[in-house]
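Asks: Pasted the sequence and its predicted model underneath.
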Amino acid sequence: MKKSKILCGILALAFIFSGCSTGLKEPSATTLETSEITAESTETEATAASSETAKAPEPFKFNPHVHTNLISEVFKDEWWESFYNMCDAMREGKDTFKCLDEECFKVCTNEVIVGSLFPAACSVVVGDGYENGTGKLKYKMDKDKFLERQKAFELEIERMLNEAIRTDYSEFEKVMGLYAYMCKYFRYDYEPLDGQGIDDFSDYACLTKKNGICCEFAGAYSYLLLQAGVDATPFEGDGDVGYHGWTYVVVGGKGYHCDATWGAHGENPDTRLTLQYFMMTEQERLDSGFKKETVRPDLIWPLVEKVTSEFPATDTTFKPFHNFLYFVEMDTERNVVVYEEAFGDRFELNYGDL
């Protein structure tokens, strides 16, 4: 990682606003409206209630095969199978995996790719050569300890997902729920980077310790979204506010910029969550102090010069959020986000089926 990224932390805090508790409102149970209560209607209601219970969404389970189309220029479609073979091999403590070719092997075992898409293995399990369709792996820690590390990580990812959102949420609801969760429970890390290892500075460290600097926040938020089935990737930019990282998300086929670092609550989790930096357009991101030529995907920064794709963010649906307003709750039954001004006047934004 680039050590210059730490500059974003000090400068970005000047923009952080306090926020409220997560406030996600679940749908109410379905009831039958009857003008006369009879034994038959009571039985019908009981059946309906039982049906509602049966339809409760399944909890999230860890997905070792997260996928993003946003890196398709540097990570070819045919490479994903090899990458997933590698992830499965790591989860089982194997030393080899079936791999398409040597070029694919080099990209699959790239530290940044592994750190972003299979975080617990970053710098702990590394590529050890390719030969005749087989990629080799080297474990830089005791293999049994790595397997324990991976299992604990998977359980923690499941816990966070199930605490923050539900599997039947829409894309937007997952993006909103995880943003509110991260901004409330994750803390900015003011400790110096010098001398720290992968367990102190990485997406893995941020996800397990719940603290980090901006590029770690961006990677952690992206990874949780990918686990939830929402396409996302870390972004970066430089400008008046210094070097900084955030997350680019895709909702309903449209791109948006979300900055969990500048939305973070700080040391008080019970203060209000600002929506100033949530679901921003590209122009709003540039207006907040970044040079257009420096704004680009960060997940693949060792290979970023190969990227020519555009990452548009032009939809202004969520612009009402960006006038220093605060999140109150998300009502998933009515598909609205309730937000308020500093002095308490409340408003609603209907996000429809996004």
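Replies: Perfect, thanks for sending it.
Asks: Quickly note the distance from residue 152 to residue 114.
Replies: According to CB to CB, to the nearest Å, residue 152 stands 18 Å off from residue 114. Every residue, glycine included, has its C-beta placed from N, CA and C.
Asks: cool, residue 255 as well?
Replies: 25 Å.
Asks: got any ranges where the stretch 251-354 of the chain has weak pLDDT?
Replies: For the stretch 251-354 of the chain, applying pLDDT under 70 flags the ranges 269, 299-306.
Asks: Which parts of it are helices?
Replies: Ranges of helices within the stretch 251-354 of the chain are 260-263, 282-287, based on DSSP state H, counting those that start in this stretch.
Asks: In JSON lines: those, plus distance to residue 244 and mean neighbour count.
Replies: Converted to JSON lines, the helices of the stretch 251-354 of the chain look like this (distance: least, CB to CB, whole Å; neighbours: other CB atoms under 10 Å):
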{"stretch": "helix 260-263", "distance to residue 244": "7", "mean neighbour count": "26"}
{"stretch": "helix 282-287", "distance to residue 244": "10", "mean neighbour count": "16"}
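Asks: Report the spatially closest residue to residue 205, excluding sequence-adjacent ones.
Replies: Take residue 205 and drop its neighbours on the chain: the residue closest to it by CB to CB, 6 or more residues apart in numbering is residue 199, 5.5 Å away.
Asks: Correct me if wrong: the one you found contacts residue 212.
Replies: No: counting by CB atoms under 8 Å, residue 199 does not reach residue 212; the two are 11.7 Å apart.
Asks: what sits in contact with each of the two?
Replies: Residues touching both residue 199 and residue 212 (CB atoms under 8 Å, 6 or more residues apart in numbering) are residue 205.
Asks: one step back: from residue 264, how far out is the residue nearest to residue 205?
Replies: 21 Å.
Asks: More neighbours: these two, which one.
Replies: Using other CB atoms under 10 Å as the criterion, residue 199 and residue 264 rank with residue 264 on top: 28 against 14.
Asks: what's the burial count for the closest residue to the more buried one other than its chain neighbours?
Replies: Leaving out its chain neighbours, the residue that sits closest to residue 264 by CB to CB, 6+ apart is residue 183, at 5.0 Å. Burial of residue 183 is recorded as 30 neighbouring residues (other CB under 10 Å).
Asks: residue contacts, residue 183?
Replies: 19, 260, 263, 264, 265, 273.
Asks: What is the nearest of those to residue 78?
Replies: residue 260 (32.8 Å; CB to CB).
Asks: Surely that closest one and residue 181 touch.
Replies: No: Residue 260 lies out of contact with residue 181 (CB under 8 Å); the separation is 9.5 Å.
Asks: before we move on, the earlier item: who's more crowded, residue 255 and residue 114?
Replies: residue 114 (23 against 20).
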